[in-house]
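> Sharing a sequence plus its predicted fold:
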Amino acid sequence: MKELRKRVPRTQLAQWRPAPDRRDPVELLNDAERGRIPALLVLRHERMRENPFAFYRGGAALMAADLAPVPATGLRVQLGGDAHLMNFGGYASPERNLVFDVNDFDETLPGSFEWDVARLCASAPLLAEYRNFGKRAGEDAAIAAARGYRTHMRELAQLSPMEIWYSHVDVRGELAHELTAPADAAHVKAPSDREAVVRKAFAAYRATLQPHVRVLLDRYRPIDVYEHPVGVGSLGLDAAIIRLEAREGEMLYLQAKEAVASALEPYLGASKFANHGHRVVDGQHLMQAATDVFVGWSSYEGHDYYLRQLRDGKASLDIEGIDAEELVDFAARCGMVLARAHARTGDPGAIAAYLGSGDAFDEGLAGFARAYAALVRRDYEAFCA
């Protein structure tokens, strides 16, 4: 471990600077958006222009390119790939308990653990700036995220693989007031040709579910398909809601989202899965403490999809309602959850040994967050121009 710390110092990210031959960020984004639905790209760009934090949420491809030249630890885990603060939240487990976990896996791939931690920490000063909390709050939140990750990984390293696999973070108590249920949005019925595509993809999706879940799904029948553009990072990809009904008033809503190659693939290698929906679902099962039983995948005419329940007790960060102290607390909890997700597929003992008991890693990630947030602001201005 001493040799690894020498080769990849824990403070190296604090000295991070953009590569001299760094690609133009707008060009790179254009490349990453190829194949997306043009009309939805307009909406994606409108949302990314709102502020630097919104731009960051849509820029996973930019950060992957920026991290690729940095010497990596080689301590591999299943990465979420887009672990910013808005991609953690609460949802109902199959046992109907409300749990808190990573909840976005569109970019998931195996890779060095520090990529996810860097993505999480760099989102903190950008969110703090959006809320006008000041630089100190952003830095404190970045340090809290890194420290939460480091200290919890060291705790997990003392547990058995079985104990790690079944550990989780409960949202009851202090965390509950930092989360809010998403607002209902008006949904537009999908055009008939798009509805036909979704229905055919749905038919293939059934076969990817566990046999006992198919029995449950078969009690419902698809009724309607609605258009459902979501988030920032996924905008431009096909997304729809399928409304299913058992008896009158007994509804099940599934979300179908198109899955394309991870933004990390150019730097970490291609996925082992032929279907990117399968890649997303596998990453979700590997990283989450509990996963929706209706998660599955499909494909139709060269397009890959994954499906899941639309909102199963879902709650996300109350971005407009939290104060600076709550942001710091939330960032720490996200760091802890990310450590647990990584410990399920990586070597928690080796990662914990590298991180150490001091604050070198925390300070290094805070320095990186400060430097990377400044770059995001410059990229945002170039994008808006």
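Great, that's in hand. Numbers count the residues shown, from 1 in each chain.
> make it CA atoms for all contacts and neighbour counts henceforth
OK.
> where along the stretch 251-385 of the chain do the helices fall?
Using DSSP state H, counting those that start in this stretch, the helices of the stretch 251-385 of the chain run over residues 265-268, 276-287, 324-343, 348-355, 360-384.
> Partner strands of the top strand by length along the chain and their direction?
If you go by DSSP state E, the chain has its longest strand at strand 251-259. Its sheet considered, strand 251-259 pairs with strand 239-245 (antiparallel), strand 303-309 (antiparallel) by DSSP bridges.
> Any idea which of those gets closest to Ala72?
Among the strands paired with strand 251-259, strand 303-309 comes nearest to Ala72, with 30.4 Å by CA to CA.
> between that closest one and helix 276-287, what angle do the directions make?
40 degrees (axes from the mean of the first three to the mean of the last three CA atoms, to 10 degrees).
> Would you convert the strands paired with strand 251-259 into a markdown table that also reports mean pLDDT, distance to Glu27 and mean neighbour count?
What follows is the strands paired with strand 251-259, written out as a markdown table (pLDDT from 0 to 100; distance: least, CA to CA, whole Å; neighbours: other CA atoms under 10 Å):
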| stretch | mean pLDDT | distance to Glu27 | mean neighbour count |
| --- | --- | --- | --- |
| strand 239-245 | 91 | 25 | 22 |
| strand 303-309 | 93 | 24 | 22 |
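> Could I get those strands in TSV, plus columns for distance to Arg344?
Formatted as TSV, the strands paired with strand 251-259 follow (distance: least, CA to CA, whole Å):
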stretch	distance to Arg344
strand 239-245	30
strand 303-309	22
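> Out of those, the one nearest Ala142 is which?
Among those, strand 303-309 sits nearest to Ala142 (CA to CA), with 31.2 Å.
> what sits up against that closest one?
With contact meaning CA atoms under 8 Å, 6 or more residues apart in numbering, strand 303-309 is reached by 201, 205, 252-260, 275-278, 280-281, 292, 294-299.
> Including mean neighbour count, mean pLDDT and distance to Thr108, could the helices of the stretch 251-385 of the chain go into CSV?
CSV is the format used below for the helices of the stretch 251-385 of the chain (neighbours: other CA atoms under 10 Å; pLDDT from 0 to 100; distance: least, CA to CA, whole Å):
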stretch, mean neighbour count, mean pLDDT, distance to Thr108
helix 265-268, 14, 96, 9
helix 276-287, 23, 97, 6
helix 324-343, 24, 96, 12
helix 348-355, 20, 97, 19
helix 360-384, 21, 96, 21
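> What separation do you get for the most centrally placed residue in the chain and Pro125?
Among the residues of the chain, the one closest to the centroid is Asp104, at 3.4 Å (CA atoms, centre = their mean). According to CA to CA, to the nearest Å, Asp104 and Pro125 sit 21 Å apart.
> Secondary structure of Gln78: a helix, I assume?
No. Read with DSSP: H, G, I helix; E, B strand; the rest coil, Gln78 is strand and lies in no helix.
> Please work out how many residues are found near it.
A count of nearby residues for Gln78, using other CA atoms under 10 Å, gives 23.
> What of Glu163?
12.
> Would you quantify the distance from it to Lys257?
Counting by CA to CA - Glu163 and Lys257 are separated by 33 Å.
> List the residues that contact the nearest residue to Gly346 once chain neighbours are set aside.
Using CA to CA, 6 or more residues apart in numbering and skipping residues adjacent in sequence, the residue nearest Gly346 is Val77, 4.4 Å away. The contact partners of Val77, by CA under 8 Å, 6+ apart, come to 110-113, 342-343, 345-347.
> if we take these, which one ends up nearest to Arg370?
Closest approach to Arg370 among the contacts of Val77 (CA to CA): Phe113, at 19.6 Å.
> mind checking pLDDT for that closest one?
pLDDT recorded at Phe113 is 98.
> circling back: mind pulling up the pLDDT for the residue nearest to Gly346?
At Val77, pLDDT is 98.
> Give the bridge partners for it, please.
Beta-bridge partners, per DSSP bridges, of Val77: Gly111.
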